[in-house]
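Student: Build me a structure from this.
(2 chains)
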Amino acid sequence: MRADLEIIQQWVQPGHHVLDLGCGDGTLLHYLQQERNATGFGLEINPDHITTCMGKGVSVIEQNLDTQGLENFDDGMFDIVLMTQALQAVRRPDKVIDDMLRVGREGIVTFPNFAHWRLRWGLTLSGRMPESDALPYKWYNTPNIRLCTFKDFEALCRQKGIKIKSRRVVDGQHQNSWLARAWPNLLGEIAIYRITRENT
Amino acid sequence: MPDSLPTDSVGLVSPQTLHFGTPIELACGQSLESYDLVVETYGTLNADASNAVLICHALSGHHHAAGYHSLDDKKPGWWDSCIGPGKPIDTNRFFVVCLNNLGGCHGSSGPSSINPATGKLYGPDFPVITVADWVKSQARLADRLGIKQWAAVVGGSLGGMQALQWSLDYPDRIRHAVIVASTPRLTAQNIAFNEVARQAITSDTEFHEGRYDDANTLPRRGLMLARMVGHITYLSDAAMGEKFGRELREEAFKFGYDAEFQVESYLRYQGERFSETFDANTYLLMTRALDYFDPAYEFGGDLSKALEPAQCEYLVLSFSTDWRFSPARSEEMVNAMISARKKVSYAEIDAPWGHDAFLIPTPRYTNAFTAYMDRVAREVGA
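Tutor: Okay, here's the model as predicted:
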């Protein structure tokens, strides 16, 4: 299992109702159904991923966050709303985050850090848009249209009054390193945030 | 005619007629003292009868969903593209049951069959049948076949409505409902098209208030027009454009009103052929069943409330260019299922053929359908 999914599954309690935004091939939801007795849905737009989910018994809805949002989901109907490595690919991440915390009590968001030293270094030295393992695209064909840094994300949460319950900063292989913990915005490649609007 | 049958065909099949002697009460308040259902089955029912799949047909469908009745048949059953060995509904794994619904005109009791009470054709005296009535009769068919629970009930269009109704009326007798190109209720526009079709039939001077058989005639003209208008709603603008464009049958305009454009002669041909083989009273009955279908009605229009008793998992598929039952209608259904906390998967398949796309295999449709049914098969040990 992907290391970020390994971390996320620890936060899902037995029987939780979960929504996974951009659920891919349904690996995480399938695991949560089997191991956590969780229920819920994945949203996806990639036809092959949708087919794979259907074959696995993962409930998947073809739905585009950019055009449809989450308006078909009722307030507070999920315990947890997940979004792994997709925040940077939606048109309005701020609205998606609002929606996540409208339909769910808690959100879990992971995204690549655009302030990682290697990206900073690449831009400084070459003067070209940076590429990395986490961001392996050219500027003109990248699906990642809303890149941000950990600091940017945290500023947005502060501005919206969203509470960050916890943050795990990991490297490209989703491994913990003390360096990334010490200087997250410089040395962390991927962050996993647990966010909520509840005062618990 | 094929010289030999394709290897992915269920092969030569023959229908059987089952007689039901117990009266069935209908939504309209009337009941049928006894009735016949014509049925075809493909594949083998396993020891614990867990691998049965019910196929529900649409407006003009019938029990012959797959395979051939004889080597002389030009075409296989109406859903042969999806039913057969290795196809989405894999007959190597599933026991597939398809029937002609009550009120139909392909052998099951309906307006064109004999009323045992009078010894004459039912004609217009055959009661109006609803989707819920069909489901009730199908449940009795399941009893007869020794099937306590369907692995899946599957249908496109009006057939999808039956699958949905099954999940509400017999929640413990259905594991999966597969609802393709369907809708939880007809729109005013849908009903309007049905009304034009009915008016075409009933205003035909040969209709004789539905007693055309007594008058030894058929309302061919009316049925042809009904089919023509129906056919237009089954195809997308693009599909019609692709097939016919503005092509003329001859080189120049004739400045008259005969069928000059290819699309005109196609519609006339389809309509005429249909009017020879389909019963006008059945057409009226089927379109009414469509109009009346609205499981949310009793719940103040709240479909998610209506869905409360359901226990099955749903697969809902729609097609991008279907304007008869558009993707928005399927999404309405899916959203109600989400609200009711039911398990549901949904995909909108990109296909150019309009409503008819549910009968036409395309890679994405076939793959998604196959993946889902494969998982159903694994679940029931088939």
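
Student: So which bits of chain B are right by chain A?
Tutor: Applying Cβ under 8 Å from any Cβ of the partner chain, one finds that chain B approaches chain A through B:313, B:315, B:331, B:334-335, B:338-339, B:341, B:343-348, B:364, B:367-368, B:371-372, B:374-375, B:379. In this view, the C-beta of every residue, glycine as well, is placed from N, C-alpha and C.

Student: Just the buried ones from the residues you listed?
Tutor: B:313, B:315, B:331, B:334-335, B:338-339, B:343-348, B:364, B:367-368, B:371-372, B:374-375 (16 or more other Cβ atoms under 10 Å in any protein chain shown).

Student: For the residue lying closest to residue B:270 once chain neighbours are set aside, grab the count of nearby residues.
Tutor: Closest residue to residue B:270 apart from its sequence neighbours, by Cβ to Cβ, 6 or more residues apart in numbering or on different chains: residue B:231 at 5.6 Å. Neighbourhood size, residue B:231 [other Cβ atoms under 10 Å in any protein chain shown]: 16.

Student: ok but residue B:231 is inside a strand, no?
Tutor: No: looking at residue B:231 with DSSP: H, G, I helix; E, B strand; the rest coil, it is helix, so not inside a strand.

Student: Let's see the pLDDT reported for it.
Tutor: Residue B:231 is assigned 95 on the pLDDT scale.

Student: Looks like it contacts residue B:272 (just checking).
Tutor: No: between residue B:231 and residue B:272 there is no contact under Cβ atoms under 8 Å: 11.8 Å.

Student: Quick check: residue B:82 vs chain A, distance?
Tutor: 15 Å (Cβ to the nearest Cβ, to the nearest Å).

Student: can you give me the helices for chain A?
Tutor: Assigned by DSSP state H, the helices in chain A fall at A:3-9, A:27-36, A:47-56, A:65-68, A:93-103, A:117-126, A:150-160, A:178-182, A:184-187.

Student: Using a markdown table, please lay out the ones you listed together with mean neighbour count.
Tutor: Below are the helices of chain A laid out as a markdown table (neighbours: other Cβ atoms under 10 Å in any protein chain shown):
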| stretch | mean neighbour count |
| --- | --- |
| helix A:3-9 | 17 |
| helix A:27-36 | 19 |
| helix A:47-56 | 22 |
| helix A:65-68 | 14 |
| helix A:93-103 | 19 |
| helix A:117-126 | 14 |
| helix A:150-160 | 15 |
| helix A:178-182 | 14 |
| helix A:184-187 | 19 |
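
Student: Quick one: closest of these to chain B.
Tutor: The closest of the helices of chain A to chain B is helix A:47-56. By Cβ to the nearest Cβ, the value is 3.5 Å.

Student: Apart from its chain neighbours, what residue comes closest to the most centrally placed residue in chain B?
Tutor: Computing the C-alpha centroid of chain B and ranking residues by Cα atoms, centre = their mean puts residue B:58 first, at 1.2 Å. Using Cβ to Cβ, 6+ apart and skipping the chain neighbours, the partner closest in space to residue B:58 is residue B:157 (4.0 Å).

Student: Can you tell me the number of residues neighbouring residue 92?
Tutor: Just so you know, I chose chain A. Neighbour tally, residue A:92, other Cβ under 10 Å: 13.

Student: let's do chain B instead
Tutor: Residues within reach of residue B:92, counting by other Cβ under 10 Å, total 12.

Student: Can you tell me the element it falls in?
Tutor: Assigned by DSSP states H and E, residue B:92 falls within no helix or strand.

Student: Can you give me the distance of it to chain A?
Tutor: Distance from residue B:92 to chain A, by Cβ to the nearest Cβ: 17 Å.

Student: State the distance from that residue to residue A:100.
Tutor: 44 Å (Cβ to Cβ, to the nearest Å).

Student: Tally up the residues packed near the closest residue to residue A:40 other than its chain neighbours, please.
Tutor: Spatial nearest neighbour of residue A:40, chain neighbours left out: residue A:18 (3.7 Å); criterion: Cβ to Cβ, 6+ apart. Residue A:18 sits with 24 neighbouring residues when counted by other Cβ under 10 Å.

Student: Name all residues that make contact with residue A:18.
Tutor: A:12, A:29, A:32, A:38, A:39, A:40, A:41, A:78, A:79, A:80, A:81, A:82 (Cβ atoms under 8 Å, 6 or more residues apart in numbering or on different chains).

Student: one more time with 6 Å
Tutor: A:38, A:40, A:80 (Cβ atoms under 6 Å, 6 or more residues apart in numbering or on different chains).

Student: what sits opposite it in the beta ladder?
Tutor: Residue A:18 has the following beta-bridge partners by DSSP bridges: residue A:40, residue A:80.

Student: Against chain B, how distant is it?
Tutor: Distance, residue A:18 to chain B, by Cβ to the nearest Cβ: 12 Å.

Student: Roughly how far does that residue sit from residue A:195?
Tutor: 15 Å.

Student: just residue A:13 next, same as before
Tutor: Computed as Cβ to Cβ, the residue A:13 to residue A:195 distance reads 17 Å.

Student: which of the two has more neighbours?
Tutor: Shown here are residue A:13 and residue A:195; by other Cβ under 10 Å, residue A:195 has more neighbours (23 against 11).

Student: Just give me the neighbour total for the residue lying closest to residue B:34 once chain neighbours are set aside.
Tutor: Nearest non-adjacent residue to residue B:34, counting by Cβ to Cβ, 6+ apart: residue B:21, 5.0 Å away. Per other Cβ under 10 Å, the neighbour tally for residue B:21 reads 7.

Student: pLDDT score for residue B:21?
Tutor: Predicted confidence (pLDDT) at residue B:21: the value is 96.

Student: next one: residue B:60
Tutor: Residue B:60 is given a pLDDT of 94.

Student: secondary structure class for it?
Tutor: Criterion first, three-state DSSP; result for residue B:60: coil.

Student: Could you find the closest non-adjacent residue to the residue in chain B that chain A sits nearest to?
Tutor: Nearest to chain A in chain B, going by Cβ to the nearest Cβ, is residue B:371, at a distance of 3.5 Å. The spatial neighbour of residue B:371 that comes closest, neighbours along the chain excluded (Cβ to Cβ, 6+ apart), is residue A:55 at 3.5 Å.

Student: Just to check, that neighbour is in contact with residue B:370?
Tutor: No: Residue A:55 is beyond contact range of residue B:370, at 8.2 Å (criterion: Cβ atoms under 6 Å).

Student: Look up how far chain B lies from the residue lying closest to residue A:79 once chain neighbours are set aside.
Tutor: Closest residue to residue A:79 apart from its sequence neighbours, by Cβ to Cβ, 6+ apart: residue A:16 at 4.1 Å. From residue A:16 across to chain B, the span is 13 Å (Cβ to the nearest Cβ).

Student: what number of residues lie near residue A:16?
Tutor: 19.

Student: and if you look at the one 3 residues further on?
Tutor: By the measure other Cβ under 10 Å, the count of residues near residue A:19 is 25.

Student: quick one, what contacts it?
Tutor: Contact analysis of residue A:19 by Cβ under 6 Å, 6+ apart lists A:40, A:41, A:78, A:81.

Student: let's see it at 7 Å
Tutor: When contacts are counted by Cβ atoms under 7 Å, 6 or more residues apart in numbering or on different chains, residue A:19 is found next to A:40, A:41, A:73, A:78, A:81, A:82, A:103, A:104.

Student: Could you do residue B:55 as well?
Tutor: Counting by Cβ under 7 Å, 6+ apart, residue B:55 touches B:65, B:79, B:83, B:96, B:97, B:98, B:154, B:155.

Student: Tell me the most packed of the residues you listed, by neighbour count.
Tutor: Top of the contacts of residue B:55 by neighbour count (other Cβ under 10 Å): residue B:154, with 33 neighbours.

Student: Not counting sequence-adjacent ones, nearest residue to it?
Tutor: Nearest residue to residue B:154 in three dimensions, chain neighbours excluded: residue B:178, at 4.1 Å (Cβ to Cβ, 6+ apart).
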